[in-house]
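[1] I would like the atomic coordinates for the input below:
(one chain, ligands or ions: 1)
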Amino acid sequence: MVGSLAATLPIPSSVWIARWKPLLQKISALEPELQKLSDSDIRKRSLALRYRARSGEPLSRLLVEAYALVREAGRRKLNMRHFDVQILGGIAMFHHAIVEMQTGEGKTLTATLPMYLYALAGRGCHLATVNDYLAKRDAEWMGPIYELLGLTVGVIQTQMSQNERRKAYAADVTYGTAKEFGFDFLRDRLLLRRIREGQTDVIGAMLGDNGTESGEKPVQREPFFALVDEADSILIDEARTPLIISALPTEEEKLAVECYKWAAKVADQFIEDVDYEYDHEKKTVELTREGRRKARALPKPEVMASVGMFHIYEYIERAIKVARDFIRDREYVVKDGEIVIVDEFTGRLAEGRKWRDGIHQAVEAKEGVEVTVATGQAARITIQDFFLRYRHLAGMTGTARDSAWELRKIYKCPVIVIPTNRPVIRKRLPDLVFGTQEAKWQAVVDEICEMHAQGRPVLVGTRSIDKSEYLSRLLTERGIEHQVLNAHHIEEEAKIVAQAGQKGRVTVSTNMAGRGTDIRLGPGVAELGGLHVICTEMHDAARIDWQLRGRCGRQGDPGTFRQFLALDDELLLKAFGAKKAKKYAEIGKSRPGLFNEYAPIFRKAQKIIERRHFRERRALMHFERERKKMQRQMGQDPYLDTPG
Ligand SMILES: Nc1ncnc2c1ncn2[C@@H]1O[C@H](COP(=O)(O)OP(=O)(O)OP(=O)(O)O)[C@@H](O)[C@H]1O
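    Numbers count the residues shown, from 1 in each chain. Okay, here's the model as predicted:
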């Protein structure tokens, strides 16, 4: 049994690494012997290990030989021999750590080590990625390693049927998104309840055939080992909204749909400070007496006669809030007649996710797409609960240090920082603070032009799709050829990002578009200074800023990055509220030039928001915990009997 490192006090990464060095030496010592073996002998050695694991030998005793075999398989099949630092990362993940390895250090290859070792137990291992494309790419890329070692690989893709999923889960290792793993768990849970409630073949169930009359069976096995890629994104950023499967609408819910639609239509008739008041910090809308009067007077469809005025006020307030705060192509996109949330942290499309408290429906009504009902959840689970169900959990990411406390506290996973294979020579150019947005964007364009003239590739990160497009227009005006990525077409964008290191390339992207794709420098680019990354705004979390900055200077390449800021950036409004933000904006307008002396306030603002988000996540966890406790006492299933 593996001891959990998190049970002990935080121990510096360097101490752990020093402890694991002897293991690394033993793994390396096996190399000459393994290199002499034929492919079929390698497989035999692997199958012998599998036999020992399945006979109950602790996996920790098999680690040295297992990792040596995986290293040899990587060398033979992919021409990539796991670097020593990758072996150390693999050891750490075996011990339930979230490892921090910088961009381009080869996390995909590192993952094969713990995946293989845990897979030997024959109980299934899941590698959770952030999107379908990466799941497929990584499974295909790493497949030859597992195959040589006699293990099978499965991939889960969103559009797959239940049968295809079951097959993929039956493989020794399964790659898929965290979201699909979570939804499959919920669907299985619903199915098992149907089976239990007798809507199924009773004799079949008695024989242990967990299936319905139509032959349906759960797709997943008992959760055993999960390795989470981009662990901070998945375990922290995405953990703020639970995964939800909706139930069929009731009459009441159909009426609610009418109310959403009506409110969306009338929202623009309400005027700020006359009909309603807006609190910038809390982001709440409250109708004034005047506003309420207007709401009562407005004509309404007949069916709404049975809806109380108090509820109608709420529908209107929500519709106004959505009209102001939820901007298309920033907070969300409309894709195939559905609202898809753009993750506010990562700029990535969070398909399948929904805002809570009727906000999602209000946005649907605003965009005129089909309004899905808010209540009637059939099943739900939070990301925290889902991953905590695994017996063994580990993760990897480029940026975990800042979240170490939270990861340790919530997931019981220590964060271990793995040194880079080669020294990092990435350089930070001094931050620049401008008075206004206009001045900032002009300076961004100037810097792009300057770098472009030198032939250096430039990657520009923006916080939202509309800002990417705005910058794109400015660049077109200046005659600079460029590519814009906004996480709409993940696969194509990954290909474009892969080219972002070629001479003279300019790539504008919301922070995370094309994430997980390696940016290799084109010929002659290293001599010019490597890739230059421009960050046009600071994010709500420092971690996200580092994800973007880390895209230059990979694997010891040269590279630079610079942070651009403006005194009217949204970050300040979000952190300090309207009054203080206005003060800064006015200072910004008072004179031309730079305001670099204000640079520290941006980090301060970021810290305020980070703390606020953390409190929100903690509150969600607390609420879920209490709810589950209560439901268990009532004999209910906390994942299925969810209150609306
Ligand atoms: N041991 C190795 N030997 C040779 N090349 C390697 C090795 N490990 C990784 N690489 C190469 O390094 C590159 C980066 O790998 P990978 O995309 O897995 O990085 P990453 O750490 O996941 O980065 P990101 O943070 O962008 O996801 C790949 O092109 C891969 O081929």
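[2] only C-alpha atoms from now on, for both contacts and neighbour counts.
    OK.
[3] any stretches of the stretch 351-500 of the chain with poor pLDDT?
    374-377 (pLDDT under 70).
[4] just the residues of it that are near the ligand, which are they?
    Within the stretch 351-500 of the chain, the positions lying close to the ligand (Cα under 6 Å from any ligand atom) are Gly398.
[5] which residue does the stretch 351-500 of the chain have closest to the ligand?
    Here the residue of the stretch 351-500 of the chain nearest the ligand is Gly398; by Cα to the nearest ligand atom that distance is 5.5 Å.
[6] so the closest residue to that residue other than its chain neighbours, which of the three states?
    Nearest non-adjacent residue to Gly398, counting by Cα to Cα, 6 or more residues apart in numbering: Gln102, 4.5 Å away. Judged by DSSP: H, G, I helix; E, B strand; the rest coil, the three-state class of Gln102 is coil.
[7] next one: Glu624
    Glu624 ends up helix, using three-state DSSP.
[8] that one - how many residues pack around it?
    Glu624 has 17 neighbours, counted by other Cα atoms under 10 Å.
[9] same check, this time on Asn79
    Look at Asn79: counted by other Cα under 10 Å, it has 10 neighbours.
[10] ok, back up a step: do I have it right that the residue of the stretch 351-500 of the chain closest to the ligand meets Met101?
    Yes. Judged on Cα atoms under 8 Å, Gly398 makes contact with Met101 at a distance of 5.0 Å.
[11] how near is the residue nearest to Gly398 to the ligand?
    Distance of Gln102 to the ligand, computed by Cα to the nearest ligand atom, to the nearest Å: 6 Å.
[12] now swap in Pro523 and tell me
    Distance, Pro523 to the ligand, by Cα to the nearest ligand atom: 15 Å.
[13] just say helix, strand or coil for that residue.
    Put simply, Pro523 is coil when judged by three-state DSSP.
[14] quick check: residues of this protein near the ligand?
    So the chain meets the ligand at 80-83, 103-109, 398, 516-518 (Cα under 6 Å from any ligand atom).
[15] in helices, which of the residues you listed fall?
    Among these, the ones falling in helices (DSSP state H) are 107-109.
[16] of those residues, closest to Gln442?
    Lys107 (37.0 Å; Cα to Cα).
[17] can I assume that closest one is in contact with Met396?
    Yes. Between Lys107 and Met396 there is a contact under Cα under 8 Å: 7.1 Å.
[18] joint contacts of those two?
    Shared contacts of Lys107 and Met396, defined by Cα atoms under 8 Å, 6 or more residues apart in numbering, are found at Met101.
[19] between those two, point out the one with more neighbours.
    Each of Lys107 and Met396 has its neighbours counted (other Cα under 10 Å); Met396 has more, 29 against 22.
[20] and the more buried one, helix, strand or coil?
    Of the three states, Met396 takes strand according to three-state DSSP.
[21] from the contact counts, what lies against the helix or strand harbouring Arg45?
    Applying DSSP states H and E as the criterion places Arg45 in helix 39-54. Judged by 3 or more Cα pairs under 8 Å, 6 or more residues apart in numbering; DSSP states H and E, helix 39-54 is in contact with helix 59-78, helix 132-148.
[22] ok now that helix, how far from the chain's centre?
    Helix 39-54 has its C-alpha centroid displaced from the chain centroid by 35 Å (Cα atoms, centre = their mean, to the nearest Å).
[23] likewise stretch 300-310?
    The chain centroid and the centroid of stretch 300-310 are separated by 40 Å, computed with Cα atoms, centre = their mean.
[24] what sits up against that stretch?
    With Cα under 8 Å, 6+ apart as the test, stretch 300-310 has contacts from 255, 258-259, 262, 296.
[25] can you give me the buried ones in the host helix or strand of Glu491?
    Secondary-structure element containing Glu491, defined by DSSP H and E: helix 490-498. For helix 490-498, the neighbour count (16 or more other Cα atoms under 10 Å) marks 490-491, 493-494, 496-498 as buried.
[26] before we move on, back to that, show me the contacts for the residue of the stretch 351-500 of the chain closest to the ligand.
    By Cα under 8 Å, 6+ apart, Gly398 lies in contact with 100-103, 230, 547, 550.
[27] just give me the neighbour total for Gly56.
    By other Cα under 10 Å, 9 other residues sit near Gly56.
[28] my bad, should have said Ala487
    Neighbours of Ala487 (other Cα under 10 Å): 24.
[29] shouldn't it be within a helix?
    No. Per three-state DSSP, Ala487 lies outside any helix segment and is coil.
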